[in-house]
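In: coords below, sequence missing:
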């Protein structure tokens, strides 16, 4: 059984080791988090025991069995079950009833998500979120990556357009023309965080821009034009 040690480190419980749950577990483990993982697959649990000793093969996700693993002692529990909605819902219900501070559940549809939210869980839509992220990257032709922080605030990583090489930041005037701000510039592994108005854009510069999705799209169209 897992007991939380006295420390400031967050502890995470993950139920379900599909692609989403497995990647989440490995990433948290690599970050040094205290972790408990639960799945019916002996093979996956055996693999995860290389990164956490608190890995349990569990075939029946009833409340008593879950409590025997000690998952109720975690700060955050994540339900990564997607293919079996009834199991996802019941497992979420059990974890919420254990008074775990934060329960996060993966949803595969809007209806699924609504039920999970009513049970008191935070809901994530991994496939939907990745689809939106990819669509935004495709929509902004030069974007190397795209993160939507809110409807009005987006961060995009963009390869410098050839037409800007050798020009100064002040001449481009991104803020007034497109409503964009330069957060940082990266070139050959070096990141510049304070960008002066006289900075001259260089070949292979990568711009980190923040602003609206519309502004980023207009800048991309202008850069390609």
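Out: Perfect, thanks for sending it. For clarity, every value in this text was computed on a predicted model and none was experimentally measured.

In: what are the phi and psi values for residue 13?
Out: Note on residue 13: its backbone torsions stand at phi -120, psi 130 [degrees, to the nearest 10].

In: Please name the residues that touch it.
Out: Residues in contact with residue 13 (CB atoms under 8 Å, 6 or more residues apart in numbering) are 2, 35-38, 69, 71, 74, 76-78, 95, 100. Every C-beta, even on glycine, is put in place using the N, C-alpha and C of the backbone.

In: Looking at those residues, which are in strands?
Out: 35, 36, 37, 38, 76, 77, 78 (DSSP state E).

In: For residue 123, state which of these is nearest.
Out: Nearest to residue 123 out of the ones in strands among the contacts of residue 13 is residue 78 (CB to CB; 11.2 Å).

In: ok so, going back, by neighbour count, which of the contacts of residue 13 wins?
Out: Neighbour counts for the contacts of residue 13, by other CB atoms under 10 Å, peak at residue 37, which reaches 32 neighbours.

In: Provide a list of residue ranges in the chain with pLDDT below threshold.
Out: 1-8, 128-153, 225 (pLDDT under 70).

In: domain assignment for it?
Out: Per the record, the chain has its domains at 11-124, 130-224, by automatic domain parsing.

In: Comparing these, which comes out most buried?
Out: Most buried of the domains of the chain by mean neighbour count (mean count of other CB atoms under 10 Å) is domain 11-124; its value is a mean of 18.
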